[in-house]
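Student: my questions are about this predicted structure, shown below with the sequence.
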Amino acid sequence: MRALAQFIVRGPLQAVAMVVGLAAAAFVFPPLMLLSGGALALVTLVFGARRGGEVLVAATVVMAAAGLALLGSAWFGPVLSAVDWVPVWICAVALGATRSLAVATAVGAALAVFAVLGIHLAVPDPAAVWRHVLDPWLSGPLEEMGVAEGEREKALASLAAVATGAVAASAYVSTMLALWIGRAWQALLYNPGGFGQEFRGLRLGRSPALVTALLVGAASLWHQPVLFEIALILLVAFAFEGLGFVHWLAHRSPRPMPWLVGFYVVLVLVFPQALPVVMGLGVVDGLFDLRARIARGDGKG
């Protein structure tokens, strides 16, 4: 990974080549899109917003030309850029300017929330659009599973109602993972161990945690899809804080790696049940600063 990071920062042409090349390779192996965004984040963090913006524009133009040549449409490049690269660049600019992973995480969440609100303002009935998209993909499998027609319709309607927020939250996760990759590469080159220290200290603050808790309560009471979608994005942000807290806790052990491996194995095996726990842990840490309380308790001991 060090060699790859060194190649990316060697010059603008190398950076554009890696951003575009990894994005193209992602059509065969989708996770490589995270490395493409990570390359853009690395350039932005090391050389600043302007250089990162130049790489972003150049990569967009190359992908637009490739889309025109292969697919007959130049829109492919700008759409890919808007969804995958622009949010990463914005968050990297925020991180570079503030040197705060919490601020960058909050900026990413804000972008996702604005996207949800924009879609709800621009599209009269997003749920109807999603229902049209989801029906061909899910109706058949649900029917094969023996789900009754009434229950099938209810499940599809419920999923379509919050699909905008779910997609925005998924894009937010991808943005943050790409940013983390870029930050980790930067630390690998210039500050070994720095990213781990930043991640273990990630805290979004009491006010955002309180807002998130109130939104979750409001969404539960009023059953408004847009409230649920915004709450979901904020909960994802606090899931990142929850992960940071787990890493901080494990790092206090003489052998943190076995604890972290065990944690992630359990997280993967029981993901639907474990994710709300991690989200809740992040919110609780935001409200009560568990790290400071544990450290004070150790000091008293």
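Tutor: Happy to help now that I have it.

Student: what residue is smack in the middle of this protein?
Tutor: What sits nearest the mean C-alpha location of the chain, by C-alpha atoms, centre = their mean, is Val173, with 1.6 Å.

Student: output the longest helix belonging to this structure.
Tutor: Counting residues, the longest helix found in the chain (DSSP state H) is helix 149-190.

Student: immediately after it, which helix or strand?
Tutor: Proceeding N to C from helix 149-190, the next assigned helix or strand is helix 194-200, under DSSP states H and E.

Student: after that following helix, which helix or strand is next?
Tutor: From helix 194-200, the next helix or strand downstream (DSSP H and E) is helix 206-222.

Student: rewinding a little: just the angle between the longest helix of the chain and helix 206-222, please?
Tutor: Between helix 149-190 and helix 206-222, the angle comes out at 170 degrees (axes from the mean of the first three to the mean of the last three C-alpha atoms, to 10 degrees).

Student: now do the contacts for the residue nearest to the centre of the chain.
Tutor: Listed by C-beta atoms under 8 Å, 6 or more residues apart in numbering, the contact partners of Val173 are Val236. The way it works is simple: take the backbone N, C-alpha and C, and place the C-beta from them, glycine included.

Student: what residue ranges in the stretch 151-300 of the chain score low on pLDDT?
Tutor: The model of the stretch 151-300 of the chain has pLDDT under 70 over residues 299-300.

Student: distance from the helix or strand where Gly37 lies to the middle of the chain?
Tutor: In the assignment (DSSP H and E), Gly37 maps to helix 32-47. Distance of helix 32-47 from its chain centroid, counting by C-alpha atoms, centre = their mean, to the nearest Å, is 14 Å.

Student: stretch 190-197 now?
Tutor: That offset, for stretch 190-197, works out to 20 Å (C-alpha atoms, centre = their mean).

Student: can you give me the buried ones in it?
Tutor: The neighbour-count check on stretch 190-197 (16 or more other C-beta atoms under 10 Å) flags Phe195 as buried.

Student: distance-wise, check the residue nearest to the centre of the chain relative to Gly53.
Tutor: With distances taken as C-beta to C-beta, to the nearest Å, Val173 is found 24 Å from Gly53.

Student: stretch 45-52: how far from the chain's middle?
Tutor: Averaging C-alpha positions (C-alpha atoms, centre = their mean) puts stretch 45-52 21 Å from its chain's average.

Student: give me the average confidence score over that stretch.
Tutor: Stretch 45-52 comes out with an average pLDDT of 98.

Student: I'd like the numbering to begin with 10 instead of 1 from here.
Tutor: In the new count, where the first residue is 10, that last one comes out as stretch 54-61.

Student: residues making contact with that stretch?
Tutor: 18, 21, 49-50, 52-53, 98, 101-102, 104-106, 191-192, 195, 198-199.

Student: stretch 267-280 too?
Tutor: 255-256, 258-259, 262, 283-284, 287.

Student: just name the closest of those residues to Leu168, please.
Tutor: Checking these against Leu168 by C-beta to C-beta gives Leu284 as the nearest, at 17.0 Å.

Student: pretty sure that closest one sits against Ala248.
Tutor: Yes - counting by C-beta atoms under 8 Å, Ala248 is a contact partner of Leu284 at 6.7 Å.

Student: of the two, who's got more company?
Tutor: Legend: neighbour count by other C-beta atoms under 10 Å for Leu284 and Ala248, higher for Ala248 (21 against 15).

Student: do you know how far the more buried one is from Gly295?
Tutor: Ala248 sits 11 Å away from Gly295, going by C-beta to C-beta.

Student: tell me how many other residues crowd Ile239.
Tutor: Residues contacting Ile239 under the criterion other C-beta under 10 Å number 25.

Student: buried set for the host helix or strand of it?
Tutor: Element membership of Ile239 [criterion: DSSP H and E] is helix 234-260. Buried residues in helix 234-260, counted by 16+ other C-beta under 10 Å: 234-259.

Student: and if you look at stretch 33-43?
Tutor: So stretch 33-43, judged by 16+ other C-beta under 10 Å, has buried residues 35, 41-43.

Student: and the residues you listed, which two are the farthest apart?
Tutor: Largest separation among those by C-beta to C-beta: Ala35 and Leu43, giving 8.4 Å.

Student: list of residues touching stretch 202-218?
Tutor: With C-beta under 8 Å, 6+ apart, stretch 202-218 has contacts from 110-111, 114-115, 189, 192-193, 195-196, 243, 246-247, 249-250, 252-253, 256-257, 260, 291-296, 298, 300.

Student: repeat that with 6 Å
Tutor: By C-beta atoms under 6 Å, 6 or more residues apart in numbering, the list of residues contacting stretch 202-218 from outside reads 110-111, 192-193, 196, 250, 253, 256-257, 260, 292, 295-296.
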